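Asks: I'll drop the sequence and a predicted model, then ask my questions.
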Amino acid sequence: MPKLLLTASTYSHIRNFHLPYLRRFRELGWTADVAAGGVPMPIPEAAQTLHLPFEKSMGAPGNFRAAAMLRARIRAEGYDLILTHTSLAAFFTRLAVQGLRGRPPLVNMVHGYLFDDETPPVKRAVLLAAERWTARQTDLLLTMNEWDGQAAERYRLGARCAQTPGAGVDFSRLDVETRPAAQLREERSIPQDAFVLLYAAEFSRRKSQPVLLRMLRLLPETVFLALPGDGTERQACEALAQELGVQQRVCFPGQQSDMAAWYALADAVASASRSEGLPFHIMEAMYAGLPVVASRVKGHTDLIRDGESGLLYPYGDSAAGAEQVRRLLGSEALRKQLAQAAKAEVLQYRLERVLPVVMEQYLSVVPSRVERPAAAPKEVSAPAD
């Protein structure tokens, strides 16, 4: 029976994005182990789980301990394939297999490089150097957006590079009946007559929630901002809302599991992110029939045609973002046009279409000496979580 190791920086990342893939490998006769850091969570499809002491600072001692633990586990288990995800885990997983005799093939799926053309030169050089240093351990590099794909090819960041339509989104979890929007708003103390902008994201510098708070100050009093999520920057954003005088028009409900209800009560989705891979929250909003206003950055530009399936504005420009929101406020016809076009276009990213595409790439690096199961069908039903 072939054996697989999947690594990621956090358990939550595996639960949010990769359970359908672990399930598919199990159906094909594989045994799958996972290794991750962060808050421990059960991974239903994993045979074994290895907890790694990852820390956000790249040079932290815990990360090098994690690499040593991975190296020992890979030696002991004799895996036939390694799949790695997220920048931190991808770097230290590849560090772990450097010089390892008879190492298994390794696939790195990039969920968005943390650099682009606008990244300060020194930071970009450091991040790019890390990717180039570990390129020799990357048998297959999978990217999700055009900029990352071009960078991977230009700098030869893997023995082979390919682009996939993300990891696929299970839209079926949004196909549920929710209570009326008026009731949902009342439960969350959101004014019934408000125009609600929604941004569900981790509170981090990259997600840039302060841009939206400054945007809110430039918009009519009827505009309300909902910011579900948690993270290191949440308290700073709450303080900024107070400083800007918009605290009565914004809510910080914390981490939310019932996103279908939030999409149902919102009028539009806004994103201020600095960079993305292929963002789930934007694709879910498009599927939910909401118009999107987003920063003009990689990942967003792959999903949104400006003025046709959404509205874009320069990253960090709160005034320009506010102007795009005003366009939505002033035209119900525009809101409907954008929402209809977005929903039609986002269907190409549904899980049942993308999963077999990604599985084919994963299995393409499995050596002939390993008994390879039959390929996945070209389109499968969306697995239930």
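Replies: Ah, there it is.
Asks: Could you give me the buried positions within stretch 317-324?
Replies: By neighbour count with 16 or more other CB atoms under 10 Å, stretch 317-324 contains the buried residues D317, S318, A320, G321, A322, E323, Q324. Backbone N, C-alpha and C define where each C-beta goes, glycine included.
Asks: for the stretch 251-385 of the chain, what spans make up the strands?
Replies: For the stretch 251-385 of the chain, the strands identified by DSSP state E, counting those that start in this stretch occupy 268-271, 292-295, 311-313, in order along the chain.
Asks: S257: which of those strands is closest?
Replies: Comparing those against S257 with CB to CB, the closest turns out to be strand 268-271 (17.9 Å).
Asks: other SSEs contacting that closest one?
Replies: strand 195-198, helix 280-287, strand 292-295, helix 318-330 (3 or more CB pairs under 8 Å, 6 or more residues apart in numbering; DSSP states H and E).
Asks: Give me the sheet partners of it and which way each runs.
Replies: Within its sheet, and counting by DSSP bridges, strand 268-271 is paired with strand 195-198 (parallel), strand 292-295 (parallel).
Asks: List the buried residues in the last one.
Replies: What it means is strand 292-295. Neighbour-count burial for strand 292-295, with 16+ other CB under 10 Å as criterion, is recorded at V292, V293, A294, S295.
Asks: Now do the contacts for the closest residue to the first one other than its chain neighbours.
Replies: Taking CB to CB, 6 or more residues apart in numbering, and ignoring the residues beside it in sequence, V292 has G310 as its nearest neighbour in space, at 4.0 Å. G310 is in contact with M286, P291, V292, V293, A294, L303, I304, L338, A342, counting by CB atoms under 8 Å, 6 or more residues apart in numbering.
Asks: Which residues are in contact with the fifth one?
Replies: Counting by CB under 8 Å, 6+ apart, A294 makes contact with V269, A270, S271, A272, S273, I282, H300, I304, G310, L311, L312, Y313.
Asks: and which of those residues is nearest A333?
Replies: Comparing these against A333 with CB to CB picks out L311 as the nearest, at 14.0 Å.
Asks: who's in contact with the closest residue to that closest one other than its chain neighbours?
Replies: Once its chain neighbours are removed from consideration, L311 has its nearest residue in Q324; the separation is 4.2 Å (CB to CB, 6+ apart). For Q324, the contacting residues are V293, L311, L312, Y313, by CB under 8 Å, 6+ apart.
Asks: same thing but 6 Å
Replies: Under the criterion of CB atoms under 6 Å, 6 or more residues apart in numbering, the contact partners of Q324 comprise V293, L311, Y313.
Asks: Mind pulling the model confidence for it?
Replies: We have a pLDDT of 98 for Q324.
Asks: Check D385 too.
Replies: 39.
Asks: likewise E371?
Replies: Per-residue pLDDT puts E371 at 54.
Asks: P105 now?
Replies: Residue-level confidence at P105 comes out at 97, pLDDT.
Asks: now do the one 10 residues further on
Replies: pLDDT recorded at F115 is 92.
Asks: Is it correct that it is in contact with L127?
Replies: Yes: when contacts are counted by CB atoms under 6 Å, F115 is listed as touching L127 (4.6 Å).
Asks: any shared contact partners between those two?
Replies: With contacts taken as CB under 6 Å, 6+ apart, not a single residue reaches both F115 and L127.
Asks: between the two, which one's more packed in?
Replies: The residue with more neighbours, out of F115 and L127, is F115; 20 against 17, by other CB atoms under 10 Å.
Asks: what residues are up against that one?
Replies: Shown here is F115, whose contacts under the criterion CB under 6 Å, 6+ apart are R124, L127.
Asks: May I have the phi/psi pair for it?
Replies: The phi and psi torsions at F115 (degrees, to the nearest 10) take the values phi -150, psi 160.
Asks: separation between it and L240?
Replies: When CB to CB, to the nearest Å is applied, the distance between F115 and L240 equals 26 Å.
Asks: can you check V325 too?
Replies: In this view, V325 and L240 are 18 Å apart by CB to CB.
Asks: Of those two, which one has the most company?
Replies: Each of V325 and L240 had its neighbours counted (other CB under 10 Å), and the higher figure belongs to V325 (25 against 17).
Asks: ok, now which ones touch the more buried one?
Replies: With contact taken as CB under 6 Å, 6+ apart, V325 is in contact with L219, V293.
Asks: Now do it against A96, distance only.
Replies: Spatial separation of V325 from A96 under the definition CB to CB is 46 Å.
Asks: same question, E77
Replies: Relative to A96, E77 is positioned 13 Å away (criterion: CB to CB).
Asks: neighbour count winner among these two?
Replies: Set side by side, E77 and A96 give different neighbour counts by other CB under 10 Å, the larger being at A96 (26 against 16).
Asks: now, the most widely separated pair of the buried residues of stretch 317-324?
Replies: Comparing every pair within the buried residues of stretch 317-324 by CB to CB identifies S318 and Q324 as the most remote, at 10.8 Å.
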